[in-house]
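**Student:** Let me see the structure of the following:
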Amino acid sequence: MPESASPPTRRVIEVMELLTRAERALTASEVASALGLARATVTAVLTELTDAGWVRRDRARRFGPGPALAVLRPVDTEIPSAAVSAELKALAASAHCGVTLSRIADGRLTVVAKEYALGARILPGLAVGQSIPLGYPAGAAVMPWRQEAERKAWSASATGPARRNAPALLRFVTTHGCAVFRPDSDDAGLVDVLAELLGAVGAEVVQPELRTRVLRQLSRLTARPYREADLDSAEPLPVSYLSAPVFDGSAAPYEVQIGPLQAAVSRGDRAHYLATIRAGAAALSAVL
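**Tutor:** As a prediction, the model looks like this:
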């Protein structure tokens with residue numbers, strides 16, 4: 001990054017960017033640690049921002065975006081409606097796991113909303129509003145309804161055997177209305193191992209370097225999409241995530257994802273997960 005012409009201004013920007021990306025309010029110490037700044041410097045910045053209304057401090061002395069930011073929010077910013085939030089909560093309860101709604105546009109996946117079922121395993125990941133470049137297999141659930149050029153670019157992002165499997169994945173999504181993923185290893189226990197490892201990190205990952213490592217490990221959980229013959233097996237199988245398209249008319253701008261994160265799922269329970277995410281995606285499509 002080039003040297004800032006105004007380091008104090010840059011520090012204010014970094015603090016605001018961090019607070020608006022985080023999924024919960026942060027303490028001054030957490031902000032200082034995440035940005036590599038002195039605690040005294042961060043405290044001074046937060047004090048000024050709080051006085052101006054840009055930042056709000058709660059009773060636990062944690063800081064989050066303040067009311068003054070509302071007047072700057074563009075009118076076309078995507079904010080899930082109450083109906084969408086209600087359907088996401090219902091889906092999380094039905095699947096008894098975490099649910100994420102993402103927008104797939106302009107070659108990026110952007111998290112729009114997240115919900116968690118009571119007592120469900122929670123792993124770190126992208127916060128609401130964060131985005132990553134779109135690459136195989138992320139976004140698989142919407143690709144059958146995208147233009148050929150976009151599908152080709154998405155398939156080209158796969159490497160090795162995955163590129164050869166991309167057409168089969170799209171056929172699976174077209175047939176079943178969703179995609180189902182397992183980890184990259186044949187060891188079914190890898191789901192539990194990675195889930196325990198990532199769960200120990202905590203749901204909030206504010207340090208950029210740690211977030212990169214976490215996302216790399218999360219990608220291992222969705223490295224292998226299931227095929228028809230695989231899911232039809234009578235044996236219990238690991239299931240990491242499922243994703244399904246959410247429609248707005250004939251287009252599919254969103255992908256909804258559920259994360260059972262189970263090392264051994266029976267054939268009957270696999271069918272339940274497929275039915276659950278398809279029903280949830282249909283309900284979301286109806287209220288968009």
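**Student:** Double-check residue 274 against residue 242; I have them as touching.
**Tutor:** Yes - the pair residue 274 and residue 242 qualifies as a contact (CB atoms under 8 Å) at a distance of 7.0 Å. (Glycine included, C-beta is placed from N, CA and C.)
**Student:** and these two? which has more neighbours close in?
**Tutor:** The residue with more neighbours, out of residue 274 and residue 242, is residue 242; 28 against 18, by other CB atoms under 10 Å.
**Student:** Leaving out the residues flanking it, which one is nearest to residue 223?
**Tutor:** In this structure, residue 223 finds its nearest non-sequential neighbour in residue 184, 3.4 Å apart by CB to CB, 6 or more residues apart in numbering.
**Student:** That neighbour: what secondary structure?
**Tutor:** coil (DSSP: H, G, I helix; E, B strand; the rest coil).
**Student:** Distance-wise, check residue 253 relative to residue 83.
**Tutor:** 16 Å (CB to CB, to the nearest Å).
**Student:** Check what pLDDT residue 44 gets.
**Tutor:** The per-residue pLDDT reported for residue 44 equals 90.
**Student:** pretty sure it is in a strand, no?
**Tutor:** No - following the definition three-state DSSP, residue 44 is helix and is not counted among the residues of a strand.
**Student:** burial of it, as a residue count?
**Tutor:** 14.
**Student:** residues contacting it?
**Tutor:** The contact partners of residue 44, taken as CB atoms under 8 Å, 6 or more residues apart in numbering, number zero.
**Student:** my guess is residue 281 meets residue 178, correct?
**Tutor:** Yes - in terms of CB under 8 Å, residue 281 counts as a neighbour of residue 178; the distance is 7.3 Å.
**Student:** Touching both of those two, which residues are there?
**Tutor:** Residues touching both residue 281 and residue 178 by CB under 8 Å, 6+ apart: 244-245.
**Student:** and residue 36, how far is that from residue 11?
**Tutor:** Using CB to CB, residue 36 is found at 10 Å from residue 11.
**Student:** and what of residue 154?
**Tutor:** The spacing between residue 154 and residue 11, counted by CB to CB, is 38 Å.
**Student:** So which of these two has more stuff around it?
**Tutor:** Neighbours of residue 154 and residue 11, each counted by other CB under 10 Å, are more numerous for residue 154; the result is 23 against 18.
**Student:** Quick check: which element contains that one?
**Tutor:** Counting by DSSP states H and E, the element that carries residue 154 is helix 148-156.
**Student:** buried sites along that helix?
**Tutor:** Neighbour-count burial for helix 148-156 flags 150-151, 154-155 (criterion: 16 or more other CB atoms under 10 Å).
**Student:** Scan the protein for its longest helix.
**Tutor:** In the chain, taking DSSP state H as the definition, the longest helix is helix 267-287.
**Student:** how about that helix as CSV, C-alpha atoms only?
**Tutor:** Below are the C-alpha coordinates for helix 267-287, written out as CSV (Å, rounded to 0.1, in the frame of the first residue of the first chain):
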residue,chain,number,x,y,z
ARG,A,267,-29.5,-41.3,3.0
GLY,A,268,-32.8,-40.3,4.6
ASP,A,269,-31.2,-37.3,6.3
ARG,A,270,-29.5,-36.3,3.0
ALA,A,271,-32.9,-36.3,1.3
HIS,A,272,-34.2,-34.1,4.1
TYR,A,273,-31.5,-31.6,3.7
LEU,A,274,-32.1,-31.4,-0.1
ALA,A,275,-35.8,-30.9,0.5
THR,A,276,-35.2,-28.3,3.2
ILE,A,277,-32.9,-26.1,1.2
ARG,A,278,-35.1,-26.3,-1.9
ALA,A,279,-38.2,-25.3,0.1
GLY,A,280,-36.2,-22.5,1.8
ALA,A,281,-34.9,-21.2,-1.6
ALA,A,282,-38.5,-21.2,-3.0
ALA,A,283,-39.8,-19.3,0.0
LEU,A,284,-37.0,-16.7,-0.3
SER,A,285,-37.7,-16.4,-4.1
ALA,A,286,-41.4,-15.7,-3.2
VAL,A,287,-40.6,-12.7,-1.0
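**Student:** Good, wrapping up.
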